[in-house]
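>>> Could you look at this predicted model? Sequence included:
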Amino acid sequence: MDHDHMHGMPPPSSSSSSPSSMMNNGSMNEGGGHHHMKMMMHMTFFWGKNTEVLFSGWPGTSSGMYALCLIFVFFLAVLTEWLAHSSLLRGSTGDSANRAAGLIQTAVYTLRTGLAYLVMLAVMSFNAGVFLVALAGHAVGFMLFGSQTFRNTSDDRKTNYVPPSGCAC
């Protein structure tokens with residue numbers, strides 16, 4: 001068997017054999033040359049501010065940008081819950097025959113689904129802080145907009161209805 005080339009795959013270069021040598025703000029500088037390297041993707045949860053969430057290079061290594069990232073993910077999750085429990089999404093029984101109401105419901109549902117996928121992709125960064133703020137955002141959003149905590153007892157909506165998860169996955 002030919003193990004040297006792993007069935008047609010080129011052998012790894014000697015400069016990329018050490019994982020610790022790859023992580024230098026996404027670049028490596030050996031022998032005066034500047035070579036761009038991709039950051040390693042975590043496949044298990046980790047703690048730390050040096051991560052990438054949703055966009056390449058964001059939030060980077062800055063503590064302030066990491067805090068902004070956490071706030072952004074939190075509010076994405078809250079907004080997802082608000083849309084999931086919005087009267088625009090449920091519509092009223094009188095508007096069911098109205099095409100405009102149906103288009104609004106479809107637009108709100110599409111927006112909610114897109115936001116839910118963004119939260120899911122943020123969690124897929126495997127950063128424990130991002131995961132916790134996503135959970136907190138969904139919890140706060142559900143408490144404010146979906147639970148009976150802030151609802152009038154005279155509200156005509158079902159009081160024991162818990163909708164399906166905000167994630168469309």
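Cool, got the structure. Numbering: from 1, shown residues only.
>>> Please, where are all the strands along this structure?
Assigned by DSSP state E, the strands in the chain fall at 27-30, 33-36, 51-52, 59-60.
>>> Please point out which parts of stretch 122-130 sit buried.
Neighbour-count burial for stretch 122-130 flags 122-123, 125, 127, 129-130 (criterion: 16 or more other C-beta atoms under 10 Å). Placement of C-beta: from N, CA and C, glycine included.
>>> ends of that stretch, how far apart?
With C-alpha to C-alpha, to the nearest Å as the measure, the ends of stretch 122-130 fall 7 Å from one another.
>>> Show the average pLDDT along it.
Average pLDDT, stretch 122-130: 93.
>>> what about residue 147, neighbour count?
Neighbour count for residue 147, taken as other C-beta atoms under 10 Å: 13.
>>> Might you report the residue contacts of it?
Taking C-beta atoms under 8 Å, 6 or more residues apart in numbering as the definition of contact, residue 147 has no neighbours.
>>> what does stretch 63-73 contact?
Contacts of stretch 63-73 (C-beta under 8 Å, 6+ apart): 49, 51, 53, 58-59, 119, 122, 129-130, 133-134, 137.
>>> weakest of the strands of the chain by average pLDDT?
When mean pLDDT is averaged over each of the strands of the chain, strand 27-30 scores lowest at a mean of 46.
>>> Report how many residues lie close to the nearest residue to residue 109 once chain neighbours are set aside.
Sequence neighbours aside, residue 89 is the residue nearest to residue 109 in space, at 6.0 Å (criterion: C-beta to C-beta, 6 or more residues apart in numbering). Residue neighbour count, defined by other C-beta under 10 Å, stands at 18 for residue 89.
>>> Next one: residue 89 from residue 107, what distance?
Distance check for residue 89 against residue 107: by C-beta to C-beta, to the nearest Å, it reads 10 Å.
>>> what packs against the lengthiest helix in the chain?
With secondary structure taken from DSSP state H, the chain has its longest helix at helix 99-123. Helices and strands touching helix 99-123, as assessed by 3 or more C-beta pairs under 8 Å, 6 or more residues apart in numbering; DSSP states H and E, comprise helix 63-84, helix 87-90, helix 128-145.
>>> what about the ones you listed, which gets the closest to residue 151?
helix 128-145 (9.3 Å; C-beta to C-beta).
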